[in-house]
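Sequence first, then the predicted structure:
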Amino acid sequence: MRTMAMTMNKMMIANAPKLDYAGREALNTICTNILFAGQRLKKILITSCVASEGKSTMSARIAFNMAQRGKSCVLVDVDLRRSVTVKRFGMSTKGQMNGLAHYLTGQCELEDIVYRTNHENLFIVPSGRDVSNPIGLVNSQEFADLLDRLAEEFDMVIVDSPPVGVVIDAVEIASQCDGIVFVVEYAKRRKGELQDAVRQMQRSGTPILGCIIDKVTVTTLSEKQYYKSHYYYSHYGKEYYHRSAGKGKAKDDDDE
């Protein structure tokens, strides 16, 4: 944020997401595809069919990558029911950590929930606290205005939402975003599950930009083939599943 940044609180991230060379190159391809989707697409929602497919880790990795490219990027944690971001990446602040739930319930101002991190160009809006029924919060004008304000102030807004196949929150959140990216765990979802999830998200009216196949590690392939297999991004309608020439065991990314 241009004007807000000067009064912004600071957040330390102790456990930044790390990748090997092949993973970084694959992630670079994903982020390039997102950027080339269109200049007006700034609020990008990351979701999955079910929990533990990797969408929160992927959201963070995309946000870090965008920041490293020189884009001012804010990661907004809208998984108000079961957020894992703060704990997973070792995020800490001096004093109380306010977040999205605090703001949407009128307990603080917008300036209180946008944190400047110890990584250049990267900002975080944490979820704040778990909410048992957040649908009224994410379906509010205050939430829509918040995302619009962030889009005015930042180059990219990465929105980490709940899984679409579990609760209806993701559809409501997506209606306030510019594009949707699915994260799908390799060889875990059936075609029917993906189709159901896509149909639900299409109700939001927000375009689906593509699908990232996650947790793919093919140890028997060469480095070049591994690079192609670590992540896979495809535009919806062209291909759902990554097809690999070998077999391998997916890495366990902290259950996500």
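Right, received. Where do you want to start?

all strands of the stretch 51-200 of the chain, in order?
Taking DSSP state E, counting those that start in this stretch as the criterion, the stretch 51-200 of the chain contains strands spanning 73-77, 91-92, 115-117, 122-125, 156-160, 179-185.

For residue 75, see how far away residue 148 is.
17 Å (Cβ to Cβ, to the nearest Å). (Each C-beta comes from the backbone N, C-alpha and C, glycine too.)

Please identify which of the two sits among more neighbours.
residue 75 (27 against 14; other Cβ atoms under 10 Å).

And the more buried one, what's its pLDDT?
Listed pLDDT for residue 75 reads 97.

OK, contacts around it?
59, 60, 63, 85, 122, 123, 124, 125, 158, 160 (Cβ atoms under 8 Å, 6 or more residues apart in numbering).

burial count for the fifth one?
Look at residue 122: counted by other Cβ under 10 Å, it has 23 neighbours.

Skip the chain neighbours and tell me the closest residue to it.
Nearest residue to residue 122, sequence neighbours excluded (Cβ to Cβ, 6 or more residues apart in numbering): residue 67, at 3.9 Å.

what about the one you found, how many neighbours?
Neighbours around residue 67, by other Cβ under 10 Å: 22.

for it, what are its contacts?
By Cβ under 8 Å, 6+ apart, the neighbours of residue 67 are 73, 119, 120, 121, 122.

could I get those as JSON lines with distance to residue 168?
Output for these, formatted as JSON lines (distance: Cβ to Cβ, whole Å):
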{"residue": "73", "distance to residue 168": "27"}
{"residue": "119", "distance to residue 168": "33"}
{"residue": "120", "distance to residue 168": "37"}
{"residue": "121", "distance to residue 168": "33"}
{"residue": "122", "distance to residue 168": "30"}
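
and stretch 175-184, what's its mean pLDDT?
The model assigns stretch 175-184 a mean pLDDT of 94.

Next up, the contacts around the nearest residue to residue 53 once chain neighbours are set aside.
The shortest distance from residue 53 to any non-neighbouring residue, by Cβ to Cβ, 6+ apart, is to residue 185 (4.2 Å). Contacts for residue 185 (Cβ under 8 Å, 6+ apart) come out as 48, 52, 53, 54, 213, 214, 215, 250.

Would you mind confirming that the third one is in contact with residue 184?
Yes. Residue 53 sits in contact with residue 184 when judged by Cβ atoms under 8 Å, with a separation of 6.2 Å.

okay, and the common contacts of these two?
Shared contacts of residue 53 and residue 184 (Cβ under 8 Å, 6+ apart): residue 214.

quick one: the helices in the stretch 151-256 of the chain?
169-174, 191-202, 223-230 (DSSP state H, counting those that start in this stretch).

rank those by mean pLDDT and give me the bottom one.
Among the helices of the stretch 151-256 of the chain, helix 223-230 carries the lowest mean pLDDT (a mean of 41).

And the residue nearest to residue 53, how close does it get to residue 22?
Distance of residue 185 to residue 22, computed by Cβ to Cβ: 18 Å.

Check residue 203 too.
37 Å.

ditto for residue 14
Separation of residue 14 from residue 22 (Cβ to Cβ): 25 Å.
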